[in-house]
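K.L.:
here's my sequence, what's the structure:
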Amino acid sequence: MGAKRVASAVGTAAIVYVALSGRLSSASGDDAADAARRRRRSAEEGEEEERWPERAPASWREAVAVAARTAGFAFAETLGKWPLADIAFGINHYMRIQGNLQHEYTGSSSVPLDGPGVRQELIGLLRYLRLCMFFSKKPYEVFLEFGGYGQSDILIRKSKSQFMKPAFTVVRDGSTKSFLLFIRGATSTKDRLTAATAAEVPFHHSVLLQDGRRSNLVAGYAHCGMVAAARWIADQAIPCLRKAVEQFPDYRVKRLA
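P.N.:
Presented below is the predicted three-dimensional model:
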């Protein structure tokens, strides 16, 4: 259900837009009514221009303010638009469709993969999947024991999530010569509140290429909660990973979520 809530939030954000219609004041209206309309229109425009945060809240006051705004946004996009019975019917219909879908992602152009290299890669992917499950569902010490990590292998540990600050950890994996960044999914109320903050925010960025050059600017918009969470993780993890890569230049950085 966590993934479905996120997908629903992203779909909701895609249809959110603002349309301001101008009002023509009547020539015969009195001055008091015109002044009241102008003040009301100015207040509405000021409210529309208020931007959603693009970074995680820095204090509990900011977190409370954004959470309250998220609750109002979620209500406006659900019960504020459709009756409860229609929403329940839609959710039930969507879950029924999801449960009945069966696809085979193969065709005449598919090529079977075989050999020890492929099997070894699949074994490695299965290990990563189990590590993600242990980090998400088990205590942190159990995750370390399963992965064979010691205290010296922990670069960053943020095992408790907050609003727009998901739980994550960075560990050094000597068996694969990699620095692994694990990001936990939506497992708590704070994580789901982050997913519900589904308003659109600017996400203009450029991609750093392997040779150090930057690609052209990519302009677009993205999920507010996800953008804020990603930037918070980046601010925490990038400085630590840079130092680690300088110390172990033959290691790779992998993100698992």
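
K.L.:
export stretch 233-242 to CSV, keeping only CA atoms.
P.N.:
The C-alpha trace of stretch 233-242 is given here as CSV (Å, rounded to 0.1, in the frame of the first residue of the first chain):
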residue,chain,number,x,y,z
ILE,A,233,19.9,13.0,1.8
ALA,A,234,22.3,14.5,-0.7
ASP,A,235,23.4,17.2,1.7
GLN,A,236,24.1,14.6,4.3
ALA,A,237,25.7,11.9,2.2
ILE,A,238,27.7,13.6,-0.5
PRO,A,239,30.5,15.2,1.7
CYS,A,240,31.0,11.9,3.5
LEU,A,241,31.1,9.9,0.2
ARG,A,242,33.6,12.3,-1.3
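
K.L.:
so which bits of that stretch are buried?
P.N.:
Buried positions in stretch 233-242, judged by neighbour count with 16 or more other C-beta atoms under 10 Å: I233, A237, L241. For glycine as for every other residue, the C-beta is placed from the backbone atoms N, C-alpha and C.

K.L.:
average pLDDT for it, rounded please.
P.N.:
What stretch 233-242 shows for mean pLDDT is 91.

K.L.:
roughly how far is it from the heart of the chain?
P.N.:
17 Å (C-alpha atoms, centre = their mean, to the nearest Å).

K.L.:
what's the answer for stretch 243-257, then?
P.N.:
Taking mean C-alpha positions (C-alpha atoms, centre = their mean), stretch 243-257 and its chain are 23 Å apart.

K.L.:
kindly report the same for stretch 108-125.
P.N.:
Mean-position distance between stretch 108-125 and its chain equals 31 Å (C-alpha atoms, centre = their mean).

K.L.:
let me see the mean pLDDT of that stretch.
P.N.:
83.

K.L.:
can you give me the helices for this structure?
P.N.:
For the chain, the helices defined by DSSP state H cover 2-14, 31-49, 60-77, 84-100, 116-137, 140-147, 189-196, 224-247.

K.L.:
the fifth one vs helix 140-147, what angle?
P.N.:
It stands for helix 116-137. 170 degrees (axes from the mean of the first three to the mean of the last three C-alpha atoms, to 10 degrees).

K.L.:
related to what we said a few turns ago, winner for burial among the helices of the chain?
P.N.:
helix 189-196 (a mean of 21; mean count of other C-beta atoms under 10 Å).

K.L.:
outside of that helix, which residues touch it?
P.N.:
The contact list for helix 189-196 (C-beta atoms under 8 Å, 6 or more residues apart in numbering) reads 2, 5-6, 9, 67, 70, 73-74, 161-164, 166, 184-186, 225-226, 228-229.
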